[in-house]
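Asks: I'd like to go over a predicted model; first the sequence, then the structure.
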Amino acid sequence: MDWLPLFISVKDRPCLVVGGGEVAARKVALLLRAGARVTVLAPGLVPELQALARSGAVTHIARVLGDAAADVAGHRLVLAATDDAAANRAVAAAARRHGIPVNVADRPDLCDFILPSIVDRSPVIVAVSSGGASPVLSRLLRARLETVIPAAYGRLADLAGRLRGEVKRRITDARARRRLWEAVMQGSIAELVFAGREDEAEAAVRDAIQRGAIADGGEVYLVGAGPGDPDLLTFRALRLMQQADVVLYDRLVDPRILDLVRREAERLYVGKRRAFHTVRQEEINRILVELARQGKRVLRLKGGD
């Protein structure tokens, strides 16, 4: 591992970006998202940075790099993104003399840190890096992760953050706390958050805190498998298929879609004939309820929507 992954706080801290072009603009945008106080040192700015300077979102020092040691002093981070290789090297050297972490665009050899591709589900942050070897690959991997990490995970993390202190006070055994949080993050409470029912989710967690455990009740999910193409499944459908204990399916479900169900899940085919009649919907409903009462996560997977 050539780089140690770290998350660093720059909220309300001064950060310097040397350069006023498109690359500098991307770095400035990232720093602003993290709450930094950004100064841009450059004789000219691209329109995006001009707008930020006019609004007061960043401070603009309209000149070329002068005394590099004086220019970088007092900053939490320094980022160099100019077209002048000598200036970039001077910024890196000055920052190191001051003990300030520095990043130089397209020069990993001059960097103390590199900026990864980011999946932002605040407060959940996922960072992907190729160590500077292939930024395009990092962006492609980030795009893949974007599709499998719903935005609701940020709301789930907020809920956990609000209740973490209370859980720690009320449940003193570390293993019991871990089991409770695992149940929250993977079970019916998480589903309430994903469905936008956060008040109900919080009430359920508070009830679990009182009892010291999550209720063992089962769950039933009704999922449309779509027209048969696995690529057309929704992200939520895939997630539910991956956490089911039992799956009920019929002949309209494409085998390729059934292959995406969690490997350990029990599969029950409810589309066959029994004693010269098809399985009635009432019987399927009875099976769903019976399995859920056993504490299982039950998925009814049906062709169509």
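Replies: Structure received. Worth saying up front: this structure is predicted, and the values here are computed from it rather than measured.
Asks: my guess is residue 261 contacts residue 267, does it?
Replies: Yes - with contact defined as C-beta atoms under 8 Å, residue 261 and residue 267 form a contacting pair (7.1 Å). Every residue, glycine included, has its C-beta placed from N, CA and C.
Asks: spatially nearest residue to the residue positioned nearest the centre of the chain (excluding sequence neighbours)?
Replies: For the chain, the residue nearest the mean C-alpha position is residue 121 (4.3 Å; C-alpha atoms, centre = their mean). With C-beta to C-beta, 6 or more residues apart in numbering as the criterion, residue 121 has its nearest non-adjacent residue at 4.1 Å, and that residue is residue 154.
Asks: which residues sit in contact with the one you found?
Replies: Shown in contact with residue 154 (C-beta atoms under 8 Å, 6 or more residues apart in numbering): 121-124.
Asks: turn these into TSV, columns for pLDDT, secondary structure and distance to residue 39.
Replies: Shown next, in TSV, are these (pLDDT from 0 to 100; DSSP: H, G, I helix; E, B strand; the rest coil; distance: C-beta to C-beta, whole Å):
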residue	pLDDT	secondary structure	distance to residue 39
121	91	strand	29
122	91	coil	24
123	92	coil	27
124	92	strand	29
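Asks: nearest to residue 88, of these?
Replies: residue 122 (31.0 Å; C-beta to C-beta).
Asks: what distance do you get for that closest one to residue 152?
Replies: Residue 122 sits 12 Å away from residue 152, going by C-beta to C-beta, to the nearest Å.
Asks: out of these two, which sits in the busier spot?
Replies: residue 152 (17 against 12; other C-beta atoms under 10 Å).
Asks: nearest spatial neighbour of the more buried one, chain-adjacent residues omitted?
Replies: residue 194 (4.5 Å).
Asks: any idea how far the residue nearest to residue 121 lies from residue 131?
Replies: Distance, residue 154 to residue 131, using C-beta to C-beta: 27 Å.
Asks: next: residue 222.
Replies: When residue 222 is compared with residue 131 (using C-beta to C-beta), they lie 45 Å apart.
Asks: one step back: can you tell me the helix or strand for the residue nearest to residue 121?
Replies: Per DSSP states H and E: residue 154 is located in helix 152-170.
Asks: do residue 299 as well
Replies: For residue 299, the host element (DSSP H and E) is strand 297-302.
Asks: what of residue 239?
Replies: Residue 239 belongs to helix 235-243, assigned by DSSP H and E.
Asks: pull the distance from the helix or strand following that helix to the chain's centre.
Replies: Counting by DSSP H and E, the next helix or strand C-terminal to helix 235-243 is strand 246-249. Distance, stretch centre to chain centre, for strand 246-249: 29 Å (C-alpha atoms, centre = their mean, to the nearest Å).
Asks: name the surrounding residues that touch strand 246-249.
Replies: Strand 246-249 is touched from outside by 225, 241, 258, 261, 265-271, 284, 287-288, 291, 296-302, with contacts defined as C-beta under 8 Å, 6+ apart.
Asks: which members of those residues are classed as buried?
Replies: 225, 241, 258, 261, 265, 268, 270, 284, 287-288, 291, 296-302 (16 or more other C-beta atoms under 10 Å).
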